[in-house]
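S.K.: sequence plus predicted model, see below.
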Amino acid sequence: MLPSHANPPAQINTAERILDTLNASILCLDDERRITFVNTAGEALFENSASSLVGRPFASLLSQLEPSSILAKLQLDAVDFTEHEAVITLASGKAITANYSIYPFADPLQENAILLEIQQHERQAQFAQDELKQLQQQATQQLARGLAHEINNPLGGIRGAAQLLQRALDRPEWTEYTEVIISEVDRLQALTSNMLVPGNQLQRKSLNILEVLEHIRRIILAAEPDRIRIIRDYDPSIPEFAADRDMLIQAFLNLVRNAVQAIDGEGEVILKTRVEFRYTIAQVTHPLVLRVDISDTGHGIPRELGETIFLPMITDKADGSGLGLPIAQEIISRHGGTIRLQSSASGTTFSVYLPLEKT
C-alpha cells in the first residue's frame with residue numbers, strides 16, 4: 001500500500017491502480033530508504049514481486065561493485081532532484097540508462113519519506129524500434145508477394161513442360177534429368193510459398209508453450225543427437241494461452257534451427273521461459289507477456305547485419321536462404337508479439353515476446 005495513512009482505503013487503492021498503469025517505475029521509500037511501495041513497472045524492472053520488495057533497503061537492489069549516483073542523492077536532505085541519462089547497475093549486473101527523479105512527500109508516520117521515479121531510456125528506444133520493424137515487415141510482405149508471383153508464373157510453365165517431355169522420352173535414363181527439373185521446381189515453389197507465409201486466419205487454440213518447445217527439442221535432437229546439447233530453463237507456472245500451434249512451432253523451429261546452425265562443432269542451445277509483467281509491444285502495454293529466450297554458444301551475428309537479419313534474403317550463412325528469421329518474425333507479429341535480438345562473439349539470444357491472451 002501507499003504509505004499515506006491520512007486517506008481512506010478506497011482512495012489509496014485508486015491511487016495504486018493509477019500508478020500501476022504507468023510505464024515508469026515508482027517506489028516509495030521511508031526515512032531509512034526502505035521500500036514501502038512499488039508499482040507494477042517497478043516489479044518488472046527489479047524482477048521481483050511487490051511482496052518481496054516491500055521492506056527491503058533500496059540499496060540492496062543495486063550493484064555494490066558499480067555504485068550508482070542515485071544512492072548518494074537518496075542520502076541528501078529531501079529536496080526535488082532529477083538526473084538525466086544516469087547509468088544504474090542492478091544487483092543482477094544488468095545496467096540500464098534512465099532518467100530518475102526524487103520527490104519528498106508528507107507522510108504523518110514517516111519523516112523524510114520520498115517518492116522515486118525511474119524512467120528507462122531503452123523503453124522509448126524500443127518503441128521506435130518496434131515501429132521500424134512494423135514498417136520493415138510491411139515492405140517485406142509487398143516485396144515477397146511481388147517476387148513470389150514473378151517466380152511462380154514461369155516455374156509453373158517449366159514444370160508442365162518437363163512433365164510433357166518426360167512422357168515423350170523413350171529412354172528411361174533420360175527421365176532422371178526431367179525428375180531433377182520437376183523436383184527442383186517443386187522446391188522453389190515451396191520456397192516462394194514460405195516467403196509469403198500463409199495468409200489465412202490464425203487457428204487459435206489454448207496451448208502450453210512448454211509442449212511446443214519440447215516438440216521442437218525432439219525434432220532438433222533427432223537430427224543432431226551428438227553435436228548439440230539443449231538445456232531447458234522452464235518456468236512451469238506459465239499459464240496456457242490462445243495461439244496457432246502449427247504456426248508457433250514453425251516460428252520457434254526456425255529460431256532454434258538458426259541457433260543450431262550458428263554453432264560450429266559441439267555446442268549448447270538454451271531454451272528459457274519467463275513471464276514479464278506490464279510489458280509494452282508496439283506501444284500496447286499487456287498485463288502479462290510470455291518471454292522465450294533461445295540462446296546459443298555460436299559465433300554471434302556480424303555487427304553489420306544487426307536488425308537487418310530479419311529482412312528476407314539477409315543471412316550470414318553460405319547455404320542459408322535468409323527466409324527463416326523473417327518468417328518467424330512475421331508469425332510472431334501476427335500473434336501480437338515481437339522478437340528482439342542480443343548478439344556477441346560468444347553467442348546470440350533471440351527473445352520472443354507474446355501476450356498471454358486466454359482462449
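M.R.: Received it, and whenever you're ready, just let me know what you need. Residues are numbered from 1 along each chain as shown.
S.K.: hey, where'd the strands end up in the stretch 201-350 of the chain?
M.R.: Residue ranges of the strands in the stretch 201-350 of the chain, as given by DSSP state E, counting those that start in this stretch, are 204-207, 228-233, 241-244, 267-281, 284-296, 338-344, 347-355.
S.K.: ranked by average pLDDT, which of those strands falls at the bottom?
M.R.: Confidence, taken as mean pLDDT, is least for strand 338-344 of these (a mean of 83).
S.K.: using PDB, list the CA coordinates for that one.
M.R.: The C-alpha trace of strand 338-344 is given here as PDB (Å, rounded to 0.1, in the frame of the first residue of the first chain):
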ATOM      1  CA  THR A 338       7.800  -9.300 -31.300                       C
ATOM      2  CA  ILE A 339      11.300 -10.800 -31.400                       C
ATOM      3  CA  ARG A 340      14.300  -9.000 -30.000                       C
ATOM      4  CA  LEU A 341      18.000  -9.800 -30.600                       C
ATOM      5  CA  GLN A 342      21.200  -9.700 -28.500                       C
ATOM      6  CA  SER A 343      24.400 -11.000 -30.000                       C
ATOM      7  CA  SER A 344      28.100 -11.000 -29.200                       C
END
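S.K.: returning to that earlier point: and the strands of the stretch 201-350 of the chain: which comes nearest T40?
M.R.: Closest approach to T40 among these is made by strand 267-281 (4.6 Å; C-beta to C-beta). Heads up, the C-betas are built off the backbone N, CA and C, glycines and all.
S.K.: can I see the domain layout of the protein?
M.R.: 9-123, 198-359 (automatic domain parsing).
S.K.: contacting residues around L207?
M.R.: By C-beta atoms under 8 Å, 6 or more residues apart in numbering, the contact list for L207 reads 240-243, 245, 248.
S.K.: for T175, which of the domains of the chain is the nearest?
M.R.: For the domains of the chain, the distance to T175 is smallest for domain 198-359, at 28.2 Å, taking C-beta to C-beta.
S.K.: Y103 contacts T82, correct?
M.R.: No. Counting by C-beta atoms under 8 Å, T82 is not a contact partner of Y103; they are 9.3 Å apart.
S.K.: now do the shared contacts for those two.
M.R.: None of the residues lies in contact with both Y103 and T82 under the rule C-beta under 8 Å, 6+ apart.
S.K.: look at these two and report which has more neighbours.
M.R.: Each of Y103 and T82 had its neighbours counted (other C-beta atoms under 10 Å), and the higher figure belongs to Y103 (15 against 12).
S.K.: what's next to the one helix or strand the more buried one maps to, contact-wise?
M.R.: In the assignment (DSSP states H and E), Y103 maps to strand 95-104. Outside strand 95-104, the residues within contact range by C-beta under 8 Å, 6+ apart are 45, 66, 70, 73-74, 78-90, 112-122.
S.K.: give the buried residues for it.
M.R.: If you call a residue buried by 16 or more other C-beta atoms under 10 Å, then strand 95-104 has these buried ones: 96, 98-102.
S.K.: same question for stretch 346-353.
M.R.: Going by neighbour count (16+ other C-beta under 10 Å), the buried part of stretch 346-353 is 347-353.
S.K.: do stretch 223-237 as well
M.R.: Along stretch 223-237, these residues count as buried under the neighbour rule (16+ other C-beta under 10 Å): 224, 228, 230.
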